[in-house]
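In: predicted coordinates and the sequence they were generated for:
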Amino acid sequence: MTTPHTIAVLGLGRMGEAIATRLATEGWNVVGWTRSGRTSGTVRTTVDLHDAVAGADLVLLALFDGAACRQVLDDARAALRAGATVVNTGTVAPAEASALARRYGPAYVHAPVLGSVPAAAAGTLRILAAADADALDRARPVLAALGTVRPVDDVPTAAALKLIANHSLAGAVLALRDSLRQAEALGLPRAEVLDVLELGQLGGLVARKRPFLTAGPAAAPAEFTTGALAKDLALLAGASRAPLGVAAGLAGSTVDAAADIAVAATAPAVDDAVLAPLRAYLRGHATGDPAHFREAFRPTAHIEGIRDGAFVSWPLDEYCALFTGRPAADEASRTRRLDTVEVHGTVATATMTLFHGPDTFTDVFLLVRADGVWRIVNKAYHRHP
């Protein structure tokens, strides 16, 4: 095994700067380059990509996406020295990783990392590394300075595992968001809520992100941005062709893309204007007064589902005719719960559970904002006998 002496770090954003600084601190000769031409405060930089890679035994990429990796490597290829190892720490799609591995052959190491800026600075990243055995041996001393190396069988698997890890992170952020929103609805003090959440399954996330959860977006420099995580979720959805589930709520977040992911957990609850038609719908069931349904729905709306084994699609007038203007006889024992609301610009989806006597209904709503007003444009339901 030959230990690299000179390392070129291509990309000096948050992670690239932290990685380059860590490697320089550990004794390597590091030269940095970034597409923006920004200089580093801690490592030697050059504005010439060819100069950066020409003398490097190992070229490490810390770039935003697959397109950037491909472009930079293609531009640098003519200047790569014979025998140089290329290590890509970026988060890209499995197909993109495979294409890069085919293009650069046994010199290419795909090494996406788990952890953000603090872990890179401390050398505690978790690194998913896939490569030819010789290339991995050459890169291992460098990767070991950054954290713990977990060998993976092949390049696309390493890329896919990184996307899965980030999907779970998105789910954790949204679970934290939901807990904070429920606590706010109960009037609980934020500091005490965070103290208790640190004791549970979200404890590590809360402890790491507490400055963002208490003081707001400007409390500290972002470590991992919502824009980057949303990009990774889009890559995962494209690769798996499976629904993102709850993590789609972060991909569609209105939080500033440059903000740390923890800021998404502090996003305000859904605007009352979106909830207004859903509350009118609830009032319609509680009172039996069809006027509330006319307030909730657009006049063109349909209510659809399976009734007595057959598909029904009622126009709003037919649906309203089912109600007598009086509450159901057992209204005192009925309960209803709003489960989810997701807003995507001028459209939103919502789900609700209704416990009506011996039956439970799941209602799924599509809402649209038109002329500045939210209304339900369609409802589908399922009756659980």
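Out: The structure has been received and is ready for your questions. A quick note: this is a predicted structure, and the numbers were derived from the prediction, not measured.

In: in contact with Leu194, which residues?
Out: With contacts taken as Cβ atoms under 8 Å, 6 or more residues apart in numbering, Leu194 has the following neighbours: 206, 210, 213-214. For every residue, glycine as well, the C-beta is placed using N, CA and C.

In: can you list the buried residues in the one helix or strand it maps to?
Out: Using DSSP states H and E, Leu194 falls within helix 190-197. Within helix 190-197, the residues scored as buried using 16 or more other Cβ atoms under 10 Å are 193-194, 197.

In: surely Leu235 and Ala93 touch.
Out: Yes. Using Cβ atoms under 8 Å, Leu235 and Ala93 qualify as a contacting pair, with a distance of 4.6 Å.

In: those two - which one has more neighbours?
Out: Each of Leu235 and Ala93 has its neighbours counted (other Cβ atoms under 10 Å); Leu235 has more, 23 against 20.

In: tell me the buried residues in stretch 276-288?
Out: Along stretch 276-288, these residues count as buried under the neighbour rule (16+ other Cβ under 10 Å): 276-278, 280-285, 287-288.

In: closest one to Val113 out of the residues you listed, please.
Out: Distance to Val113 across the buried residues of stretch 276-288 (Cβ to Cβ) is lowest for Leu278, with 42.2 Å.

In: what does the domain assignment say about this structure?
Out: Structural domains annotated on the chain: 6-152, 160-266, 272-384, as defined by automatic domain parsing.

In: out of those, which is the most enclosed?
Out: The highest mean neighbour count among the domains of the chain, using mean count of other Cβ atoms under 10 Å, belongs to domain 6-152: a mean of 20.

In: now do the end-to-end distance for that domain.
Out: The first and last residues of domain 6-152 sit 26 Å apart, counting by Cα to Cα, to the nearest Å.

In: off-centre distance for it?
Out: Per Cα atoms, centre = their mean, to the nearest Å, the displacement of domain 6-152 from the mean C-alpha position of its chain is 23 Å.

In: give me the mean pLDDT for that domain.
Out: Along domain 6-152, the predicted confidence averages to a pLDDT of 95.

In: now the helices for this structure?
Out: In order along the chain, the chain carries the following helices (DSSP state H): 14-25, 49-54, 66-76, 94-104, 117-122, 133-146, 155-185, 190-197, 203-215, 226-240, 248-251, 272-287, 290-296, 316-320.

In: out of those helices, which is closest to Leu366?
Out: For the helices of the chain, distance to Leu366 was read as Cβ to Cβ. The smallest value, 11.2 Å, belongs to helix 272-287.

In: what average pLDDT does the closest one get?
Out: Confidence over helix 272-287, taken as the mean pLDDT, stands at 97.

In: Ser116 and Val43, how far apart?
Out: Noted for Ser116: a distance of 19 Å to Val43, by Cβ to Cβ, to the nearest Å.

In: ugh, wrong one, Asp154
Out: Using Cβ to Cβ, Asp154 is found at 32 Å from Val43.

In: list residues touching both of Leu235 and Ala93?
Out: The overlap between the contact sets of Leu235 and Ala93 (Cβ under 8 Å, 6+ apart) consists of Leu163.

In: for Gly372, what are its contacts?
Out: Residues near Gly372 by Cβ under 8 Å, 6+ apart: none.

In: next up, phi/psi of it, please.
Out: Main-chain torsions, Gly372, degrees, to the nearest 10: phi 80, psi 10.

In: mind checking how far it is from Pro221?
Out: The gap separating Gly372 from Pro221 is 37 Å, by Cβ to Cβ.

In: repeat that for Trp374.
Out: The gap separating Trp374 from Pro221 is 37 Å, by Cβ to Cβ.

In: now do Arg181
Out: Taking Cβ to Cβ as the measure, Arg181 falls 26 Å from Pro221.

In: next one: Arg334
Out: Distance of Arg334 to Pro221, computed by Cβ to Cβ: 51 Å.

In: again with Lys231
Out: 19 Å.

In: repeat that for Leu23.
Out: Applying Cβ to Cβ to Leu23 and Pro221 gives a distance of 20 Å.

In: go on, Ala144?
Out: Taking Cβ to Cβ as the criterion, Ala144 is separated from Pro221 by 27 Å.

In: next up, the contacts around Glu17.
Out: When the contact criterion is Cβ under 8 Å, 6+ apart, the partners of Glu17 are 32, 40, 42.

In: surely the last one and Ala18 touch.
Out: The reference is to Thr42. No. In this structure, Thr42 sits apart from Ala18 without contact. The criterion is Cβ under 8 Å, and the distance is 9.4 Å.

In: which among the buried residues of stretch 276-288 gets closest to Glu295?
Out: Glu295 has its nearest neighbour among the buried residues of stretch 276-288 in Ala280, at 4.3 Å by Cβ to Cβ.

In: so the closest one sits against Pro290, correct?
Out: No. Under the criterion of Cβ under 8 Å, Ala280 lies out of contact with Pro290, with a separation of 11.2 Å.

In: gap between the residue nearest to Gly227 when sequence neighbours are not counted and Phe365?
Out: Nearest residue to Gly227, sequence neighbours excluded (Cβ to Cβ, 6 or more residues apart in numbering): Ala257, at 3.0 Å. Relative to Phe365, Ala257 is positioned 28 Å away (criterion: Cβ to Cβ).

In: let me know the pLDDT of Ala257.
Out: Turning to Ala257, the model gives it a pLDDT of 85.

In: got phi/psi on Asp271?
Out: In this entry, Asp271 is assigned phi and psi values of phi -60, psi 140 (degrees, to the nearest 10).

In: re earlier: which of the contacts of Glu17 lies closest to Gly309?
Out: Taking these together and measuring to Gly309 by Cβ to Cβ, the closest member is Gly32, at 67.9 Å.

In: residues contacting the residue lying closest to the closest one once chain neighbours are set aside?
Out: Excluding the flanking residues, the one nearest Gly32 by Cβ to Cβ, 6+ apart is Thr45, at 4.4 Å. Applying Cβ under 8 Å, 6+ apart, one finds that Thr45 lies in contact with 12, 31-34, 39.

In: all set now, cheers.
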